[in-house]
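1. give me a 3D structure for the following:
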Amino acid sequence: MNEKTVKEWIKLGDENFNAGLTLFRNNSENFKNIVCYNMQQAVEKYLKAYLVANNIEIDDSHRKHHTHDIAKLIEICKGIDNDFISLYKIEADRLTDYAVKSRYPASNEASIEDEKEAISITEQVRPFVIKKINMISPNVMQRF
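-> Numbering: from 1, shown residues only. The predicted structure follows:
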């Protein structure tokens, strides 16, 4: 496992998560799509951190793991640890739509409820993934 890369993925995910929370708390009405986009990005990066912790590389040369599709990432993680099926129960895979549609005109605007749900999902995914990484290597995620 490349511990440094695992930490970098978590850090990048946390940056998206915190950026989305900041926008939500300060002016939710104006940034609904961006908040949801940042939550999708955070969950994507947390899942990729787990994959890297399991020696699965995430880069341009590993195209099958170079995806924004949360369901696809959950499936790959589930192949390692079946507990990842629980992420479907909280509908983490619904965040996938925000990876692209929120960045283009003519997409449906997210609602306040969408924002709250996206934040709630991310708040559940992060500790779940951190716990799973800690089970693999307890020293990697001490700071997190």
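2. residues near residue 13, how many?
-> Counted with other C-beta atoms under 10 Å, the burial measure for residue 13 works out to 25 neighbours. The way it works is simple: take the backbone N, C-alpha and C, and place the C-beta from them, glycine included.
3. got the buried residues for the host helix or strand of it?
-> Assigned by DSSP states H and E, residue 13 belongs to helix 3-27. Neighbour-count burial for helix 3-27, counted by 16 or more other C-beta atoms under 10 Å, picks out 5-7, 9-10, 12-13, 16-17, 19-21, 23-24.
4. I'd like those residues laid out as TSV, including distance to residue 128 and pLDDT.
-> Converted to TSV, these look like this (distance: C-beta to C-beta, whole Å; pLDDT from 0 to 100):
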residue	distance to residue 128	pLDDT
5	20	92
6	15	94
7	17	94
9	15	95
10	13	96
12	18	97
13	13	98
16	17	98
17	14	98
19	21	97
20	18	96
21	18	96
23	24	94
24	21	94
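5. is the spatially most central residue of the chain in a helix, a strand, or coil?
-> Within the chain, the residue whose C-alpha comes closest to the C-alpha centroid is residue 43; the distance, by C-alpha atoms, centre = their mean, is 0.7 Å. Here residue 43 is recorded as helix under DSSP: H, G, I helix; E, B strand; the rest coil.
6. who's in contact with it?
-> If a contact means C-beta atoms under 8 Å, 6 or more residues apart in numbering, then residue 43 has 13, 70, 92, 95, 121-122, 125 as its contacts.
7. switch those over to JSON lines; also include distance to residue 140 and secondary structure.
-> Putting these into JSON lines (distance: C-beta to C-beta, whole Å; DSSP: H, G, I helix; E, B strand; the rest coil) gives the following:
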{"residue": "13", "distance to residue 140": "14", "secondary structure": "helix"}
{"residue": "70", "distance to residue 140": "23", "secondary structure": "helix"}
{"residue": "92", "distance to residue 140": "22", "secondary structure": "helix"}
{"residue": "95", "distance to residue 140": "25", "secondary structure": "helix"}
{"residue": "121", "distance to residue 140": "24", "secondary structure": "helix"}
{"residue": "122", "distance to residue 140": "20", "secondary structure": "helix"}
{"residue": "125", "distance to residue 140": "18", "secondary structure": "helix"}
